[in-house]
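Visitor: need coordinates for the below:
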Amino acid sequence: MLSGTLHQYFADIDSQARTRMEVFIKQFAEQDGITENLKKENQMAWIRAMNNVRNRAEEVVNAEIIYI
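Guide: Prediction:
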């Protein structure tokens with residue numbers, strides 16, 4: 001860590017976290033039945049549901065990758 005690799009270490013962690021976020025968001029949205037059809041029919045409900053999904057995914061990623 002002290003040999004100048006700290007930047008690369010944090011870049012790797014960031015990349016892992018972003019990748020996991022994408023996966024979790026897709027999984028959670030699918031599990032909750034959030035579709036493009038919902039987005040067309042009721043945008044506010046879709047936004048509410050996707051915000052919930054994003055928050056849940058962020059909590060998992062933070063617990064598994066960031067805060068360890």
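
Visitor: just say helix, strand or coil for the residue nearest the centre of the chain.
Guide: Central residue of the chain (C-alpha atoms, centre = their mean): residue 21, 2.5 Å from the mean position. Assigned state for residue 21: helix (three-state reduction, DSSP: H, G, I helix; E, B strand; the rest coil).

Visitor: I'd like the distance between it and residue 15.
Guide: For residue 21, the distance to residue 15 equals 11 Å [C-beta to C-beta, to the nearest Å]. C-beta here means a position set from N, CA and C on the backbone, and glycine is covered the same way.

Visitor: what do you get for residue 39?
Guide: Separation of residue 39 from residue 15 (C-beta to C-beta): 28 Å.

Visitor: show me where this protein has its helices.
Guide: For the chain, helices defined by DSSP state H occupy the ranges 6-31, 36-41, 43-61.

Visitor: right, and those helices - which one's nearest residue 68?
Guide: helix 6-31 (9.8 Å; C-beta to C-beta).

Visitor: counting contacts, what elements does the closest one pack onto?
Guide: Counting contacts by 3 or more C-beta pairs under 8 Å, 6 or more residues apart in numbering; DSSP states H and E, helix 6-31 packs against helix 43-61.

Visitor: let's see the helix it packs on as CSV, backbone CA atoms only.
Guide: What follows is helix 43-61 as a C-alpha-only set of coordinates in CSV (Å, rounded to 0.1, in the frame of the first residue of the first chain):
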residue,chain,number,x,y,z
GLN,A,43,-43.8,7.6,-13.6
MET,A,44,-44.0,8.6,-9.9
ALA,A,45,-44.5,5.0,-8.8
TRP,A,46,-41.6,3.9,-10.9
ILE,A,47,-39.3,6.6,-9.5
ARG,A,48,-40.3,5.7,-6.0
ALA,A,49,-39.7,2.0,-6.6
MET,A,50,-36.4,2.6,-8.3
ASN,A,51,-35.2,4.9,-5.6
ASN,A,52,-36.0,2.2,-3.1
VAL,A,53,-34.1,-0.4,-5.2
ARG,A,54,-31.1,2.0,-5.5
ASN,A,55,-31.0,2.6,-1.8
ARG,A,56,-31.2,-1.1,-1.0
ALA,A,57,-28.4,-1.9,-3.5
GLU,A,58,-26.3,0.9,-2.0
GLU,A,59,-26.7,-0.5,1.5
VAL,A,60,-25.6,-3.9,0.4
VAL,A,61,-22.6,-2.7,-1.6
